[in-house]
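In: Need coordinates for the following:
(one chain, ligands or ions: 1)
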Amino acid sequence: MYKLFWAKSMGSMTSEVLFEEIGVEYEKVAIDVENEENRTAEFLAVNPMGQLPALVLPDGTVLTESAAMVLHITDRHPEAKLAPPAGSPESARFQRWLVFMAVTIYTADQRLFYADRFTTDASGIDGIVASARADMDGYFAVLNDALDPGPYLLGETFSAVDVYLWMLAKWHPDEKQLFADNPRVAKLVDLVEARPAVAKVWAENRED
Ligand SMILES: N[C@@H](CCC(=O)N[C@@H](CS)C(=O)NCC(=O)O)C(=O)O
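Out: Below you'll find the model as predicted:
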């Protein structure tokens, strides 16, 4: 069985949704980040970065990196059709936007939420936060353009990259502004949230 190390509202949400969409069994292991359970020797042996998510595959292989999990889970369960066939033009588009989101918006979130890690000079923190926000606005605008005609990143077809985008939108510090500036992103988030698998995972992850 898959074993997913998770914490509420973190990067584990996409894998959770994919498992629910597929209907495959998985075990969730909660890691209390506030109490630094992600820094224990036991967890660092799983992910030396001390970060979530981490996924142990049924054969014991360890997978880190949320985007790698999307690629592996969708490859392993092609019957669920959560990604286009390998080598197709749609697959190229799928991979493009998945990698784009992982290296731009996800890392901007890290700068926003853990700004102190990105400088040795505490007086620089406000600037790091401000530039992360500005970068994030630019990246979401690129996705909003990519969603024309939409409504999904692959056009008419829902796929795992839409779940990844939904997750990143949920982390945005000002969802109202995000949706006002990016109406196609807002529409995609509505469509993704209407899916029972997503509603279930969000109910288990939301903080309020
Ligand atoms: N590149 C990694 C980033 C993982 C990451 O930043 N995880 C955050 C939660 S979303 C985390 O573990 N934060 C706790 C920490 O860094 O101490 C991925 O895509 O999985």
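In: Could you verify that residue 32 is part of a strand?
Out: No - counting by DSSP: H, G, I helix; E, B strand; the rest coil, residue 32 is not found in a strand; it is coil.
In: close enough to count as contact, it and residue 8?
Out: No - taking contacts as C-beta atoms under 8 Å, residue 32 lies outside contact range of residue 8: 10.0 Å. Where you see a C-beta, it was placed from the backbone N, CA and C, and this is true even at glycine.
In: Ramachandran coordinates for residue 56?
Out: phi -100, psi 120 (degrees, to the nearest 10).
In: Quick one: residues contacting the nearest residue to it once chain neighbours are set aside.
Out: With C-beta to C-beta, 6 or more residues apart in numbering as the criterion, residue 56 has its nearest non-adjacent residue at 4.1 Å, and that residue is residue 3. Residue 3 makes contacts with 26-27, 29, 55-56, as judged by C-beta atoms under 8 Å, 6 or more residues apart in numbering.
In: Tell me the one of the residues you listed nearest the ligand?
Out: Nearest to the ligand among those, counting by C-beta to the nearest ligand atom, is residue 55 at 9.6 Å.
In: Burial check on the closest one, number of neighbours?
Out: 26 (other C-beta atoms under 10 Å).
In: Double-check that it belongs to a strand.
Out: Yes - assigned with three-state DSSP, residue 55 falls within a strand.
In: Show me what it bridges to in the sheet.
Out: residue 4, residue 63 (DSSP bridges).
In: which residues does it contact?
Out: Applying C-beta under 8 Å, 6+ apart, the residues near residue 55 are 2-5, 15, 62-64, 69.
In: Take the contacts of residue 3 and lay them out in JSON lines including distance to residue 206 and pLDDT.
Out: Shown next, in JSON lines, are the contacts of residue 3 (distance: C-beta to C-beta, whole Å; pLDDT from 0 to 100):
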{"residue": "26", "distance to residue 206": "20", "pLDDT": "98"}
{"residue": "27", "distance to residue 206": "21", "pLDDT": "98"}
{"residue": "29", "distance to residue 206": "20", "pLDDT": "98"}
{"residue": "55", "distance to residue 206": "22", "pLDDT": "98"}
{"residue": "56", "distance to residue 206": "26", "pLDDT": "98"}
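In: how would you label the residue of the chain most remote from its centre: helix, strand or coil?
Out: The centre of the chain is farthest from one residue, residue 123, which by C-alpha atoms, centre = their mean lies 30.2 Å away. Here residue 123 is helix, with the state taken from three-state DSSP.
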